[in-house]
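A.B. asks: A predicted structure for the sequence below; I have some questions about it.
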2 protein chains.
Amino acid sequence: MAVIKPSLAKGTRDFSPLEMEKRNFIFETLKSVFAKYGYREIQTPSFENLQTLTGKYGDEGDKLIFKILNSGDYLTKVPANLLADRASAPLVPHIAEKALRYDLTVPFARYVVMRQHELTLPFKRFQIQPVWRADRPQRGRYREFYQCDVDVVGSDSLLNEAEFILIYHEALANLGLTDFTIKLNNRKILTGIAEILGKPELIVAMTVAIDKLDKIGVDGVVTELLDRGFSPEDLKRLQPLIELEGSNEEKIEHLKQVLAPSAKGLQGIDEVETVLGYVERLTGDKALTNRFVEVDITLARGLNYYTGCIFEVKTNEVVMGSIGGGGRYDDLTSMFGLKGLTGVGVSFGADRIYDVMEELSLFPAGTGQSTKVLISNFDKLAELYALPLLRKLRDKGLAAELYPAATKLKKQLAYADAKRIPYVVLIGEEEIQSGLLSLKDMQSGEQRRLAEEDLVTHLTMS
Amino acid sequence: MAVIKPSLAKGTRDFSPLEMEKRNFIFETLKSVFAKYGYREIQTPSFENLQTLTGKYGDEGDKLIFKILNSGDYLTKVPANLLADRASAPLVPHIAEKALRYDLTVPFARYVVMRQHELTLPFKRFQIQPVWRADRPQRGRYREFYQCDVDVVGSDSLLNEAEFILIYHEALANLGLTDFTIKLNNRKILTGIAEILGKPELIVAMTVAIDKLDKIGVDGVVTELLDRGFSPEDLKRLQPLIELEGSNEEKIEHLKQVLAPSAKGLQGIDEVETVLGYVERLTGDKALTNRFVEVDITLARGLNYYTGCIFEVKTNEVVMGSIGGGGRYDDLTSMFGLKGLTGVGVSFGADRIYDVMEELSLFPAGTGQSTKVLISNFDKLAELYALPLLRKLRDKGLAAELYPAATKLKKQLAYADAKRIPYVVLIGEEEIQSGLLSLKDMQSGEQRRLAEEDLVTHLTMS
């Protein structure tokens, strides 16, 4: 067998110990906040039956689903004409009955429908697992990446929406982020706007255009709206809404007046007010709420999906796309035949949060420091001497290692350096005779002599 | 679009919150032990280039690798004759350039070779990720399951072997297992035995037969050995070894005499003795070592792979196959062109450990109890009253929920029951007026009245 030069599959990544420790810091922080709000973890399989996934993500999405080739003689029963015509797409369902998870939402819907008779509603779950997409890989876009979703189904209470805002706030604050904005909108407000313009049929066109505000600016949005069937008259009424500024209260007051003729629109505003009211009462701090929650009616995010409140989170400390988003949907499980189950959920963009934290140096100093102390290895005698010490250190719960060979000290110290081990115990002939061991602080370079018992105590305390 | 009845792909599983909490208990316990011994986590991608995986697991293994269909017009450049002949197997490399991870060992080897110039050796890593095999699903055998591997490469010290025995012992003890056996053998002992019989070429045949002792008994092994080319004379020398009993010291003494003519065999015995010596010194307890480590020369485990010590772990509390195993290999990375890198590693069978723990009821009482307290929801007024209390509970770090709708109390208590929430706070008109809240202990059914502050303190303490 020819030896092949090893490489990663395109668009995939390995995670080194240091990267894993940082990623785990993020995931563990998120998990503990989710748990505090009553959310519990589930996992679904990496692959699903192909028909569970197809037709859920649009034609473009379907193309990006990774299909798994059937095993064995998978060509035996394939229609001959498909082979003769090299009909790649029509052949797929004949040779691939399974496909890799494309997101966490559809498998979650499947899970809920399959267990509908045993689940106690409301069902609050979170899920942190990789998903796969056959996208063209590029900087920051991978074919395998983790999604981190938190959802509750079976409750229409706006308390849930409010708690997602709190979850965002607490999770990001716990990660060390200090300046971020949780944007809040409601699909019904957008519907109301389209209604008062007398063009409810143009709601999708309208929101697709408005949603681009960040990218193409007000002028770009105006041009696109005119292209998409809105009149200059419409724009006169729409533009002030797009450019709406002020506090959340001011925006809400203004919208109430403008949307007065639309019952739907007013309902949307009422929902936003209710959510903000919950948040204020749950934080006990109105100023805080106003500082990190911003009503933004230009926020749309997958409009065809969301039916109520819509969220998006941005950091203001680093230039970066949204680091989270979500909203309420009324139709999650109808794709699998279970109608009328409402839900609301948000997701965290773990890769982007990682990049933000790197840029701001937010990972705690200890991250990536797994072993507390390395015992150096001078010779067989020192090794023998070191073994009971190693046991005592570990008995105290300390992560400790004995260098497994009597190589040059320089090499052993380089090992400690590479693993960011903060302390090294040096045991040579002198130490064994005197019973005083040398403890080297790898950061300061300082070295001190300690009796074994004091050394263990010192390391346990530090 | 026709609504499809949702189902799981064959051989895959969902994990419910309760199952996840139990699984996480196992994984977190293992991880903390691994870290204590200086092992750090890495992750590799779920799929690899097909050529990275093929040829590593034998012909049967290759068939069980799940291949991922190329995207787009994957048939365009396929040789016409393969399509015409419906040549399923030869077509694979033309339409599938990627495949799902089959184990954690080959991706780890790829990782090490790709990073050989940046890694500081010895490199100690653990990895807990799912793998996929196109096996026929059956009870206890899944197409997606987690492997949990711990390995060190770049160190030939037998201290590593000894520490794996300690890792097994500490991890299983921390999980609550009390009676298990870590079996220890050495490939060189097996080689030595074949040598002294004058049939070194029959080593594979010999060990394949001996390895079946548990399943077919001594008589079965004897029959198979005779079938495979050993003479009745050989059997006279071999059988006493297969049936070797006594303490580890007695077995070692006996083997030393029998294997005296084989340098290789003696080296194997010496290695086993050295490992046991390290273990004794690291535990400080010879009796303990003898109780949970058993020298067993019938242990073979993938003999063609291991070159030194071989491990296998069995629980003695439940009838169950091995719950872990591993050994030393000298050739892990040569498949990717990096020769001479020795390593040793073990794995934990998480699914089996889960089953053992279920059967013995070893999961701690709190497992699956994620929320500490539920505040019931009587009406809008009570909800308003409850919100600041909810904040205070969470500020104390307690996982707390407010039931999100004013439904029947019975339904709310059923929710608490289903989520194993141990406490429910009842807030009605009377409670609001008196300021004394009712706290219901869901296990005892007992109910008491407490001022808000006392209630928070009580829950924080309990």
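C.D. replies: Nice, I can see it. Remember, it's a predicted structure, so these values are computed and weren't measured experimentally. Residues are numbered from 1 along each chain as shown, chains lettered A, B, ... in the order given.
A.B. asks: list the buried residues of stretch A:139-146.
C.D. replies: A:Tyr142, A:Arg143, A:Glu144, A:Phe145, A:Tyr146 (16 or more other Cβ atoms under 10 Å in any protein chain shown). Where you see a C-beta, it was placed from the backbone N, CA and C, and this is true even at glycine.
A.B. asks: can you name the residues that contact the residue lying closest to the second one once chain neighbours are set aside?
C.D. replies: In this case it means A:Arg143. Closest residue to A:Arg143 apart from its sequence neighbours, by Cβ to Cβ, 6 or more residues apart in numbering or on different chains: A:Gly11 at 3.2 Å. Counting by Cβ atoms under 8 Å, 6 or more residues apart in numbering or on different chains, A:Gly11 touches A:Asp135, A:Pro137, A:Arg141, A:Tyr142, A:Arg143, A:Glu144.
A.B. asks: make CSV out of those residues and add pLDDT and distance to B:Leu276.
C.D. replies: Converted to CSV, the contacts of A:Gly11 look like this (pLDDT from 0 to 100; distance: Cβ to Cβ, whole Å):
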residue, pLDDT, distance to B:Leu276
A:Asp135, 93, 54
A:Pro137, 89, 50
A:Arg141, 89, 53
A:Tyr142, 95, 47
A:Arg143, 97, 48
A:Glu144, 97, 43
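A.B. asks: I'd like the distance between A:Pro122 and B:Ser247.
C.D. replies: With distances taken as Cβ to Cβ, to the nearest Å, A:Pro122 is found 60 Å from B:Ser247.
A.B. asks: tell me which of these two has more neighbours.
C.D. replies: A:Pro122 (22 against 11; other Cβ atoms under 10 Å in any protein chain shown).
A.B. asks: in the helix or strand harbouring A:Gln239, what counts as buried?
C.D. replies: Following DSSP states H and E, one finds A:Gln239 within helix A:232-242. Residues of helix A:232-242 classed as buried: A:Asp234, A:Leu235, A:Leu238, A:Leu241, A:Ile242 (neighbour count, 16+ other Cβ under 10 Å).
A.B. asks: residues making contact with it?
C.D. replies: A:193, A:196-197, A:199, A:206, A:210, A:213, A:218, A:221-222, A:225-226, A:230, A:255, A:258, A:297-298.
A.B. asks: ok but the residue nearest to A:Arg143 is inside a helix, no?
C.D. replies: No - A:Gly11 is assigned coil when assessed by DSSP: H, G, I helix; E, B strand; the rest coil, not a helix.
A.B. asks: need the outlier residue of chain A, farthest from its centre.
C.D. replies: Within chain A, A:Gln433 marks the point farthest from the mean C-alpha position, 55.3 Å out by Cα atoms, centre = their mean.
A.B. asks: buried residues in whichever strand or helix holds A:Arg23?
C.D. replies: According to DSSP H and E, A:Arg23 maps onto helix A:17-36. Residues of helix A:17-36 classed as buried: A:17-26, A:29-31, A:33-36 (neighbour count, 16+ other Cβ under 10 Å).
A.B. asks: neighbouring strands for the next helix or strand after that helix, and are they parallel or not?
C.D. replies: Next helix or strand after helix A:17-36 toward the C-terminus (DSSP H and E): strand A:40-41. When pairing is defined by DSSP bridges, strand A:40-41 lines up against strand A:123-132 (parallel).
A.B. asks: now do the partner strand: distance to the chain's middle.
C.D. replies: 10 Å (Cα atoms, centre = their mean, to the nearest Å).
A.B. asks: which strands and helices lie in contact with the following helix or strand past that strand?
C.D. replies: Sequence order places strand A:144-153 as the next helix or strand after strand A:123-132, per DSSP H and E. Secondary-structure packing of strand A:144-153 (3 or more Cβ pairs under 8 Å, 6 or more residues apart in numbering or on different chains; DSSP states H and E): helix A:17-36, helix A:105-114, strand A:123-132, helix A:158-175, strand A:343-348, helix A:350-359.
A.B. asks: those into TSV, with extra columns for distance to A:Gln412 and mean pLDDT?
C.D. replies: Shown next, in TSV, are the helices and strands packed on strand A:144-153 (distance: least, Cβ to Cβ, whole Å; pLDDT from 0 to 100):
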stretch	distance to A:Gln412	mean pLDDT
helix A:17-36	19	97
helix A:105-114	48	96
strand A:123-132	37	98
helix A:158-175	35	98
strand A:343-348	41	97
helix A:350-359	30	96
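A.B. asks: ranking the ones you listed by burial, who's on top?
C.D. replies: Highest mean neighbour count among the helices and strands packed on strand A:144-153 (mean count of other Cβ atoms under 10 Å in any protein chain shown): strand A:343-348, with a mean of 25.
A.B. asks: just the buried residues of the contacts of helix A:232-242.
C.D. replies: A:193, A:196-197, A:199, A:206, A:210, A:213, A:221-222, A:225, A:230, A:255, A:258, A:297-298.
A.B. asks: among those, which are in helices?
C.D. replies: A:Ile193, A:Ile196, A:Met206, A:Ile210, A:Leu213, A:Val221, A:Val222, A:Leu225, A:Leu255, A:Val258 (DSSP state H).
A.B. asks: for the third one, which residues are in contact?
C.D. replies: Residues touching A:Met206, when contacts are defined by Cβ under 8 Å, 6+ apart, comprise A:Leu190, A:Ile193, A:Ala194, A:Leu197, A:Lys199, A:Leu225, A:Arg228, A:Phe230, A:Leu238.
A.B. asks: cool, and the second one?
C.D. replies: Contact criterion Cβ under 8 Å, 6+ apart gives A:Arg237, A:Val258, A:Leu259, A:Pro261, A:Ser262, A:Gly265 as the residues in contact with A:Ile196.
A.B. asks: equivalent analysis for the fourth one, please.
C.D. replies: When contacts are counted by Cβ under 8 Å, 6+ apart, A:Ile210 touches A:Leu190, A:Val221, A:Leu225, A:Ile242, A:Ile297, A:Thr298, A:Ala300.
A.B. asks: got any ranges where chain A has weak pLDDT?
C.D. replies: A:1-3, A:302-303 (pLDDT under 70).
A.B. asks: now do the buried residues in stretch A:188-201.
C.D. replies: A:Lys188, A:Ile189, A:Leu190, A:Thr191, A:Gly192, A:Ile193, A:Ala194, A:Glu195, A:Ile196, A:Leu197, A:Lys199.
A.B. asks: closest one of those to chain B?
C.D. replies: Distance to chain B across those (Cβ to the nearest Cβ) is lowest for A:Lys188, with 19.8 Å.
A.B. asks: follow-up on the earlier one: what about chain B: which of the buried residues of helix A:17-36 touch it?
C.D. replies: With Cβ under 8 Å from any Cβ of the partner chain as the criterion, the members of the buried residues of helix A:17-36 in contact with chain B are A:Pro17, A:Met20, A:Glu21, A:Asn24, A:Ala35, A:Lys36.
A.B. asks: I figured the last one hits B:Leu393, correct?
C.D. replies: Put plainly, it is A:Lys36. No - contact status for A:Lys36 versus B:Leu393: not in contact, 9.3 Å apart, counting by Cβ atoms under 8 Å.
A.B. asks: who touches both of the two?
C.D. replies: B:Ala400.
A.B. asks: what's the nearest residue to A:Asp179 if we skip its chain neighbours?
C.D. replies: A:Asp179's closest residue in space is A:Asn316 (Cβ to Cβ, 6+ apart), at 4.4 Å.
A.B. asks: ok, now which ones touch the one you found?
C.D. replies: Counted by Cβ under 8 Å, 6+ apart, A:Asn316 has contacts A:Asp179, A:Phe180, A:Thr181.
A.B. asks: could you pick out the buried ones from those residues?
C.D. replies: For those, buried by 16+ other Cβ under 10 Å: A:Phe180, A:Thr181.
A.B. asks: ok, the contacts of A:Asn316 vs B:Met114, which is closest?
C.D. replies: A:Phe180 (36.3 Å; Cβ to Cβ).
A.B. asks: give me the number of residues near the nearest residue in space to A:Gln443 that is not next to it in sequence?
C.D. replies: Once flanking residues are discounted, A:Gln443 sits nearest to A:Pro422: 6.3 Å by Cβ to Cβ, 6+ apart. By other Cβ under 10 Å, the residues close to A:Pro422 number 19.
A.B. asks: can you check A:Gly397 too?
C.D. replies: 11.
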